[in-house]
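1. Make a model of this:
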Amino acid sequence: MTEYPYMISNNKITTIISGLQAAAKPAKFTLEFLRNIGFSSTNDRAIVPLFKKLGFLTDDSIPTVYYDQLRDRTTYKRILANRIRDLYSELFTINTQIYRDTEQNIKGAISRVTGSDETGVNRVYNTFKALCALADFEQEVITEAEPTSTPEMVIPETVHPVSTPATKKTEFHYNFQIHLPATTDISVYNAIFKSLKDNLLV
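-> Numbers count the residues shown, from 1 in each chain. Predicted coordinates for the structure are as follows:
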């Protein structure tokens, strides 16, 4: 059975995200950092394991690239939707738009996936709904593992020969332009240049 994290004080999720957006990115997201941005209640501490499950923090509480996008007020709703889909993937397998479903249906899905009792189901449901209320599922999902589009390669239509001494063959030079996708994941660029090396370079 799957275990989903939950918070008792779900109303704090919005204000905690606002707090970390205003604060400088910490080397580690510790309880001290949480207190420093104004959240000292013991119930607030549950945000740390929740953020870890959502991928915003590593197991050592180090902020990830997703955390950087969560801090960005222009992208956080989309990245939050992306991470919700990932964490609750089994629920989205049952219904791809489960965030829109009725309370009864969502709780039924949580119960089947987790095997929890009514109290546990209610806690997971309340956290799930609180997160979904902050997310934007209508925009294209942000992904970091793969390029969002195939790199565009533009080859000029006109190729100019290069003049060389009579003893040498005429040479042609080709200029290639590669339009790289916008991403913070260096593995994307590594994959692109490896493909170029394997298929074009001799």
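
2. how about the helices in this protein?
-> Ranges of helices in the chain, per DSSP state H, are 12-22, 31-36, 47-54, 65-71, 76-87, 89-94, 103-114, 118-134, 186-199.

3. could you give the mean pLDDT of the last one?
-> Taken as a whole, helix 186-199 has an average pLDDT of 66.

4. Same check on the second one?
-> On average, the pLDDT along helix 31-36 is 97.

5. Please export the C-alpha coordinates of that helix as CSV.
-> This file holds the C-alpha atoms of helix 31-36, laid out as CSV (Å, rounded to 0.1, in the frame of the first residue of the first chain):
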residue,chain,number,x,y,z
LEU,A,31,13.4,23.6,11.2
GLU,A,32,15.5,26.6,12.2
PHE,A,33,15.0,28.1,8.7
LEU,A,34,11.3,27.4,9.0
ARG,A,35,11.2,29.2,12.3
ASN,A,36,13.2,32.1,10.9
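
6. what comes up buried for it?
-> By 16 or more other C-beta atoms under 10 Å, the buried positions in helix 31-36 come out as 33, 34. Every residue, glycine included, has its C-beta placed from N, CA and C.

7. So which other helices or strands are in contact with that helix?
-> Judged by 3 or more C-beta pairs under 8 Å, 6 or more residues apart in numbering; DSSP states H and E, the packing partners of helix 31-36 are helix 47-54.

8. mean confidence for the helix it packs on?
-> Helix 47-54 shows a mean pLDDT of 98 in the predicted model.

9. Report how many residues lie close to the nearest residue to residue 101 once chain neighbours are set aside.
-> Nearest-residue entry for residue 101: residue 95, 5.6 Å, with adjacent residues in sequence omitted and distances by C-beta to C-beta, 6 or more residues apart in numbering. Burial measure for residue 95: 13 neighbouring residues, criterion other C-beta atoms under 10 Å.

10. List the residues that contact residue 95.
-> Residue 95 makes contacts with 101, 105, 109, as judged by C-beta atoms under 8 Å, 6 or more residues apart in numbering.

11. for residue 39, same thing?
-> Listed by C-beta under 8 Å, 6+ apart, the contact partners of residue 39 are 12, 15, 16, 19, 47.

12. Just the buried subset of these, please.
-> Applying 16+ other C-beta under 10 Å to the contacts of residue 39, the neighbour count classes 12, 16, 19, 47 as buried.

13. Which one of these is nearest to residue 136?
-> Using C-beta to C-beta, residue 16 comes nearest to residue 136 of the buried ones among the contacts of residue 39, at 18.4 Å.

14. pLDDT value on the closest one, please?
-> pLDDT recorded at residue 16 is 98.

15. okay but it is in contact with residue 45, surely?
-> No - with contact taken as C-beta atoms under 8 Å, residue 16 and residue 45 are classed as non-touching, separated by 10.8 Å.

16. Appreciated, that's everything.
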